[in-house]
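Q: here is the input, now give the coordinates:
(one chain, ligands or ions: 2)
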Amino acid sequence: MEGVDHLAHERNKSEFDVDAMKIVWAGSPHAFDVSDRISKLVASDPGFRKDNRSTLSRKELFKNTLRKAAYAWKTIVDLRLSEEEAAKLRFYVDEPAFTDLHWGMFIPAIKGQGTEEQQQKWLPLAYKMQIIGCYAQTELGHGSNVQGLETTATFDSQTDEFIIHSPTLTSSKWWPGGLGKVATHAIAYARLIVGGREHGVHGFIVQLRSLEDHSPLLGITVGDIGMKFGNGAYNTMDNGVLQFDHVLDVYSIAFASIAVMLWVSQVTCEGKYKQSDVPRQLVYGTMVYVRQTIVADASCALSRAVCIATRYSAVRRQFGSQNGGPETQVIDYKTQQSRLFPLLASAYAFRFIGEWLKWLYADVTQRLQANDFSTLPEAHACTAGLKSLTTTATADGIEECRKLCGGHGYLCSSGLPELFAVYVPACTYEGDNTVLLLQVARFLMKTVSQLGSRLSSKKPVGTIAYMTRVEHLMQCRCGVQRGFAELSADLVEAAVAHCQLIVVSKFIEKLQQEIPGKGVKQQLEVLCNIYALFLLHKHQGDFLSTGCITPKHAALANDELRSLYSQVRPNAIALVDAFNYTDHYLGSILGCYDGNVYPKLYEAAWKDPLNESVVPDGYHLYIRPLLKQEIRTARL
Ligand SMILES: CCCCCCCCCC/C=C\CCCCCCCC(=O)SCCNC(=O)CCNC(=O)[C@H](O)C(C)(C)COP(=O)(O)OP(=O)(O)OC[C@H]1O[C@@H](n2cnc3c(N)ncnc32)[C@H](O)[C@@H]1OP(=O)(O)O
Ligand SMILES: Cc1cc2nc3c(=O)[nH]c(=O)nc-3n(C[C@H](O)[C@H](O)[C@H](O)COP(=O)(O)OP(=O)(O)OC[C@H]3O[C@@H](n4cnc5c(N)ncnc54)[C@H](O)[C@@H]3O)c2cc1C
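A: Ligands and ions are numbered 1, 2, ... in the order given. Now for the predicted structure:
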């Protein structure tokens, strides 16, 4: 029945202050206020409805996304929302679109790598959306190997301009979001050539389309790369293909530096290339920034899936009826708990590692501004490794949550198939997860060779086993005289272990902070122990082989896990309520707040276009002849 909370009995079991946990999850009272207010604003506005996405064709879907993006911008302007509120509004609109790359990469790249002059020229236009940007780095032939990019940018000292060119088919830009049909400008990465000499890959701001009629400029061939994984989902995004045919960057020498997107290098008025004495890797700075935001995205996406699966697991009953009484809630089955509760713990763990990574990025950015590059390697390794670890775990976790919901998890109305389809490319974009783990492995190898066996003693006591595991895995690999490539598969495992150590240690450090609210810290301690012991159980081979635990320890850990699951059980619904997601944002009948699942599932079924007619289109042409044996049977 509408208006009845079918999960009230679960909510009454809670042993902690849910409102206080909402603040912990949001990060602060202010952050909670913004999130709560904006999510309800979006949920209450029919202009942001999204329940019809799966019934639209690609063109209808894309046009609807453009409408929503324009409507969101109008809402932001009309309500005079702050940058923080506007970002939250785009988040809760929950539709991959060109705006993600405009605000998520194009603007940060200019802020992070542009000179004062470049920022003064481009940021005001970008902030007012008077230009729409994309980040055009990947090419048809190269994505991971940035140094392999083929697009060229040749400085013409006669005309004081840069000539951007795609010399081969494989140099076509391929994948940039927003490029296909919308972006007017791109930050295009190309090999800089000055005076016949090549100076490696640099970023260039290039105009792609007319600001008058949106037609591609002279020498620009641009379009969409086509349908992607899953029906609705990520097809709201126009990932594009782009070829430059000797495109002149229209900026005169006076603005030449406007085009070369870097404060680490300049082309002077005399056509001379000036490389500052800063690490070349700063050209990768935007990727470091985006990787740390992707870790925060992981906690959002995983918590969404866990919220759906937890609420549905409390609603669903199957088997176990005693004397005609109610059947057993599937959330009470130990197998369901052993699959679901580690994902609940991971959602919280990723939330806190995302908070720490945001601090680390801000710290390294501050140091860079003071020409202190000492923590850049660690920042790169951490952002690369944690992006890899959290996105892999989240993509796998969303799929596990779908399976935890049985057959109904496979319905689009569960919200889980679309969530998976939109989320899963996170394991690839912003760096293929294996390629990024290889970067971490390189960093560990260098650290071991510099520091000897002790990778770091700066970890909380509770992580000794985790630290020993990493050191042992590295010693086993570094000890033998075989090349990095030969050992790379093993080194990637050590890299994963290192990232898991960081997540566990930062969760423990979080618990050493002042955390207000009745029972809140206790609940987080339970979740932290679940996260740490679940990984220890999952990788017990590593821990046993390093000798840092015995088989008896492993058995005790498993017993403790079961006990911890029993402690979470009465609080599970309250722990997902703490995410404070609206039904609109969840987009899931299985995860609706009131747990009134069956009537909503039944009602939603009849809204499917296939049920607009009782007799299906095609019956008279195909089925009736079949049933009436009017189809001439082939001679046997
Ligand atoms: C229903 C709805 C559900 C909603 C769910 C929510 C999900 C959100 C959906 C939102 C929708 C849309 C938003 C999506 C946003 C998508 C954005 C994607 C954009 C992109 O993909 S941009 C392109 C990204 N490309 C890459 O990441 C390329 C990866 N490759 C590299 O980074 C490099 O090539 C490399 C692998 C690191 C190799 O570098 P290189 O060739 O230079 O070679 P080396 O390995 O020798 O490195 C040299 C040296 O440099 C150091 N180094 C390398 N990288 C960095 C760095 N980034 N920072 C600092 N230092 C770096 C390296 O360590 C070496 O140092 P050393 O010599 O060892 O000292
Ligand atoms: C949805 C989506 C959105 C995207 N948006 C953008 C965007 O806006 N802008 C942009 O510039 N790009 C974008 N990309 C491109 C993305 O950044 C690349 O696809 C990504 O960096 C992976 O590179 P790749 O495709 O070349 O993979 P590859 O490197 O070709 O990977 C293929 C396989 O090779 C393996 N491999 C590669 N190199 C090595 C190695 N050295 N050692 C061991 N194994 C290796 C990988 O692990 C993987 O298994 C997007 C991609 C997707 C899917």
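Q: where do the helices of the stretch 101-250 of the chain begin and end?
A: Along the stretch 101-250 of the chain, counting by DSSP state H, counting those that start in this stretch, helices occupy 107-113, 116-127.
Q: check which residues of the last one are buried.
A: Right, helix 116-127. Gln118, Gln119, Lys121, Trp122, Ala126 (16 or more other CB atoms under 10 Å). (C-beta placed from N, C-alpha, C; glycine too.)
Q: repeat for stretch 377-393
A: Applying 16+ other CB under 10 Å to stretch 377-393 flags 377, 379-393 as buried.
Q: residues touching that stretch, excluding its own?
A: 281, 284, 288, 291-292, 294-295, 298-299, 302, 346, 350, 353-354, 357, 360-361, 364, 426-427, 430-431, 433-434, 436-437, 439-440, 443-444, 446, 495-496, 498-500, 502-503 (CB atoms under 8 Å, 6 or more residues apart in numbering).
Q: of those, select the buried ones using a PyMOL command.
A: Buried residues among these (16+ other CB under 10 Å), as a PyMOL selection:
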select buried, resi 284+288+291+292+294+295+298+299+302+346+350+353+354+357+360+361+364+426+427+430+431+433+434+436+437+439+440+443+444+495+496+498+499+500+502+503
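Q: keep only the contacts of stretch 377-393 that also lie close to ligand 1.
A: Among the contacts of stretch 377-393, the ones lying near ligand 1 by CB under 6 Å from any ligand atom are Gln281, Tyr284, Val288, Glu430, Gly431, Gln439.
Q: what parts of this protein come near ligand 2?
A: 101, 135-138, 143-144, 175-177, 234, 239, 425, 428-429, 431-432, 434-435, 438.
Q: just the buried ones from these?
A: Buried among these (16+ other CB under 10 Å): 101, 135-138, 143, 175-177, 234, 239, 425, 428-429, 431, 434, 438.
Q: and Gly517, helix, strand or coil?
A: Look at Gly517: counting by DSSP: H, G, I helix; E, B strand; the rest coil, its state is coil.
Q: you'd agree it is up against Glu15?
A: No. Using CB atoms under 8 Å, Gly517 is not in contact with Glu15; the gap is 11.6 Å.
Q: who's more crowded, the two?
A: Legend: neighbour count by other CB atoms under 10 Å for Gly517 and Glu15, higher for Gly517 (17 against 12).
Q: quick one, what contacts Phe443?
A: Phe443 neighbours (CB under 8 Å, 6+ apart): Pro377, Glu378, His380, Ala381.
Q: show me where the stretch 1-150 of the chain has strands.
A: 133-136 (DSSP state E, counting those that start in this stretch).
Q: so where is it shaky, pLDDT-wise?
A: 1-2 (pLDDT under 70).
Q: what's the nearest residue to the closest residue to ligand 2 within it if we skip its chain neighbours?
A: Relative to ligand 2, the nearest point of the stretch 1-150 of the chain is Gly143 (2.4 Å; CB to the nearest ligand atom). Nearest non-adjacent residue to Gly143, counting by CB to CB, 6 or more residues apart in numbering: Trp175, 7.0 Å away.
Q: these two touch, right, that neighbour and Asp238?
A: No. Using CB under 8 Å, Trp175 is not in contact with Asp238, being 11.0 Å away.
Q: my guess is the residue of the stretch 1-150 of the chain closest to ligand 2 contacts Lys173. True?
A: No. Contact criterion CB under 8 Å: Gly143 and Lys173 do not qualify, at 10.7 Å.
Q: residue numbers of the chain in contact with ligand 1?
A: So the chain meets ligand 1 at 94, 96, 100, 104, 135, 137-138, 143-147, 177, 281, 284, 287-288, 290, 297, 301, 376-377, 380, 418-419, 422-423, 429-431, 435, 439, 442 (CB under 6 Å from any ligand atom).
Q: list phi and psi for the nearest residue to Val247 once chain neighbours are set aside.
A: Nearest non-adjacent residue to Val247, counting by CB to CB, 6+ apart: Gly219, 4.0 Å away. In terms of degrees, to the nearest 10, the main-chain angles of Gly219 are phi 90, psi 0.
Q: which pLDDT value goes with Gly219?
A: With respect to pLDDT, Gly219 scores 94.
Q: list the contacts for Ala347?
A: Contacts of Ala347 by CB under 8 Å, 6+ apart are Ser299, Leu302, Ser303, Val306, Phe579.
Q: residues in contact with the third one?
A: By CB under 8 Å, 6+ apart, the contact list for Ser303 reads Ala347, Arg351, Val576, Phe579, Tyr581.
Q: in JSON lines, list the residues you listed along with secondary structure and pLDDT.
A: Shown next, in JSON lines, are the contacts of Ser303 (DSSP: H, G, I helix; E, B strand; the rest coil; pLDDT from 0 to 100):
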{"residue": "Ala347", "secondary structure": "helix", "pLDDT": "98"}
{"residue": "Arg351", "secondary structure": "helix", "pLDDT": "98"}
{"residue": "Val576", "secondary structure": "helix", "pLDDT": "98"}
{"residue": "Phe579", "secondary structure": "coil", "pLDDT": "98"}
{"residue": "Tyr581", "secondary structure": "coil", "pLDDT": "98"}
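Q: ok, and the most crowded of those residues?
A: Counting by other CB under 10 Å, top hit in the contacts of Ser303: Ala347 with 28 neighbours.
Q: against Asp594, how distant is it?
A: 22 Å (CB to CB, to the nearest Å).
Q: what of Ser14?
A: 16 Å.
Q: ok, Ala370 next?
A: Counting by CB to CB, the gap from Ala370 to Asp594 is 53 Å.
Q: out of those two, which sits in the more crowded spot?
A: More crowded of Ala370 and Asp594, by other CB under 10 Å: Asp594, with 17 against 7.
Q: quick one: contacts for that one?
A: Glu2, Gly3, Val4, Asp5, His6, Leu7.
Q: what's the answer for Arg402, then?
A: Counted by CB under 8 Å, 6+ apart, Arg402 has contacts Ala305, Ala309, Gly409, Tyr410, Ser414, Leu416, Pro417, Phe420.
Q: I'd like the next helix or strand past whichever strand or helix holds it.
A: Per DSSP states H and E, Arg402 falls inside helix 376-404. Sequence order places helix 416-423 as the next helix or strand after helix 376-404, per DSSP H and E.
Q: just after that next one, pick out the following helix or strand.
A: helix 433-451.
Q: for the stretch 251-400 of the chain, what spans make up the helices?
A: 256-259, 285-315, 334-369, 376-404.
Q: tell me the pLDDT at the residue of the stretch 251-400 of the chain found nearest ligand 2?
A: When scored by CB to the nearest ligand atom, the stretch 251-400 of the chain has Met287 as its residue closest to ligand 2, at 8.7 Å. As predicted, Met287 sits at a pLDDT of 83.
Q: returning to that earlier point: and which of the buried residues of helix 116-127 is nearest Gln540?
A: Taking CB to CB as the measure, Gln540 lies nearest Ala126 of those, at 50.4 Å.
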